[in-house]
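J.: for reference, the sequence and a predicted model appear below.
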Amino acid sequence: MPPRKRTKAAAPRTSRTAQVAVQAIERINPLTVDLAVTLGTEHPLRLERPIVVAAGPLGFGNEAGSAIDLREVGLFVVRGISLRPRFGGLMPRLVEVPGGLMHAVNRENPGADEVIDRHGASWRSAPCAVALSLVASSVKELAQLIARVERRADELGIAALEIDLTAPCDGLDGGRWESSADEALRLIDTARGATDRPLIAKVSSAASELRRLASESIDAGIDVLSVSGSPHGFLPDRARRGPALAAGIGELSGPLVRPAALAAIAEAASGAGAPIIGGGGIGSPADALDTFAAGASAVSLGTALWADPRLPGAVGDSLRRAVAARGETSVLALRGSALGSRHE
Ligand SMILES: Cc1cc2nc3c(=O)[nH]c(=O)nc-3n(C[C@H](O)[C@H](O)[C@H](O)COP(=O)(O)O)c2cc1C
């Protein structure tokens, strides 16, 4: 048999998509990706990074800078403050539950004036934008609270105000504002009349009429919707034959809330509405990417920061890489990629 002619092995065929991806990786250097986002149009909120520290876990301000590197963060949301001091619940008020935490801290704070006096200087010098989370149980109380903080907000460099719709409302017999879209919209409307600052409304995955709230809250005056709050939980303590928390019902956080949080983010994002800060249970850069894929324009980190203070930096790096891999230059290119045709 004559020797077989050696032929050059055919190069493996590469799909067009793969070629584009390879070219994109070669073209875009992740370091050149711009992580800055501007959320909202009427009163735009500019964040150098789409990474938010959720209200609460890192406190009011003084403690935050020593816990994490705030240069890796776009927005630090100060733990909830109210017009008058609020006292926390009885102990135990924070317990571990399978997959996360349950707490009933009840938005404990010494009142707006005291918090501003003690922590205002740390907000002014923070290397990221700072928002105040406002807790009020009535429309009148919120108007008074905003008037109080507005007196000093410019001097302290406050970038935005967050209205806590997961807090109890007197008009709903102590139920959450978010359990009635009408009540929530009334509160937002009042807030809009009291400030020209960017307004964020914070809800949880348990909010009712989320899609309606997402679209109508823009008309009521909101700039950004934060779908990152804690749903409620309850767990018995068998040994004590009572509830695990002294208050009985508490707020859940950590990985166990993540799937429900993603569902709520996707629902809020599926209609035309306010840009979304998404969170609840984010514990890794991959979780953060999933949150963008579900429709968020920025992510919020909470409980996970206790275990991993470097998470904001890791999230920023992985967002840059993911954007570059798509051949894009803006982080908003990642938004809604998992929503398919539902995303408008
Ligand atoms: C100890 C603690 C205190 C919190 N305090 C507040 C608060 O003052 N205001 C608020 O809106 N949310 C508060 N939260 C809820 C978080 O901001 C966040 O919405 C929730 O923990 C879900 O996100 P995560 O699973 O990433 O922690 C608190 C959470 C924890 C664990």
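T.: Done, it's in. Numbers count the residues shown, from 1 in each chain.
J.: need the residues of the stretch 51-200 of the chain near the ligand, please.
T.: Within the stretch 51-200 of the chain, the positions near the ligand by C-beta under 6 Å from any ligand atom are 54-57, 79-80, 101, 103, 105, 107, 133, 164, 166. Quick note: C-beta positions are derived from backbone N, CA and C, even for glycine.
J.: try it again at 8 Å.
T.: Residues of the stretch 51-200 of the chain found near the ligand (C-beta under 8 Å from any ligand atom) are 54-57, 77, 79-80, 94, 100-101, 103, 105, 107, 109, 133, 135, 162, 164, 166-167.
J.: same check, this time on the stretch 201-344 of the chain
T.: Counting by C-beta under 8 Å from any ligand atom, the residues of the stretch 201-344 of the chain near the ligand are 202, 204, 228-230, 251-255, 257-258, 261, 279-283, 300-304.
J.: again, only this time at 5 Å
T.: Proximity of the stretch 201-344 of the chain to the ligand, by C-beta under 5 Å from any ligand atom, involves residues 228-230, 253-254, 280-281, 302-303.
J.: inside strands: which ones of those residues?
T.: In strands, defined here by DSSP state E, the members of these are 228-229, 253.
J.: whichever of those end up buried, select them in PyMOL.
T.: Only the buried entries of those go into this PyMOL selection, using 16 or more other C-beta atoms under 10 Å:
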select buried, resi 228+229+253
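J.: now Pro236: phi and psi?
T.: Dihedral pair for Pro236: phi -70, psi 150, per degrees, to the nearest 10.
J.: pretty sure Arg118 sits against Asn62.
T.: Yes. If you go by C-beta atoms under 8 Å, Arg118 and Asn62 touch, sitting 7.1 Å apart.
J.: ok, the residue in the stretch 151-300 of the chain positioned nearest to the ligand to Glu162 distance?
T.: Relative to the ligand, the nearest point of the stretch 151-300 of the chain is Ser253 (3.2 Å; C-beta to the nearest ligand atom). Separation of Ser253 from Glu162 (C-beta to C-beta, to the nearest Å): 17 Å.
J.: the residue in the stretch 1-150 of the chain that the ligand sits nearest to bridge partners, please.
T.: Across the stretch 1-150 of the chain, no residue is closer to the ligand than Gly56, which sits at 2.2 Å (C-beta to the nearest ligand atom). Beta-bridge pairing for Gly56 (DSSP bridges): Gly59.
J.: check contacts around it.
T.: 79-80, 105, 133, 302 (C-beta atoms under 8 Å, 6 or more residues apart in numbering).
J.: please narrow these to those residing in helices.
T.: Judged by DSSP state H, the contacts of Gly56 include no members of helices.
J.: tell me the bridge partners for Asp34.
T.: Assessed by DSSP bridges, Asp34 has beta-bridge partners Ser330.
J.: residues contacting it?
T.: With contact set as C-beta under 8 Å, 6+ apart, Asp34 has these partners: 329-331.
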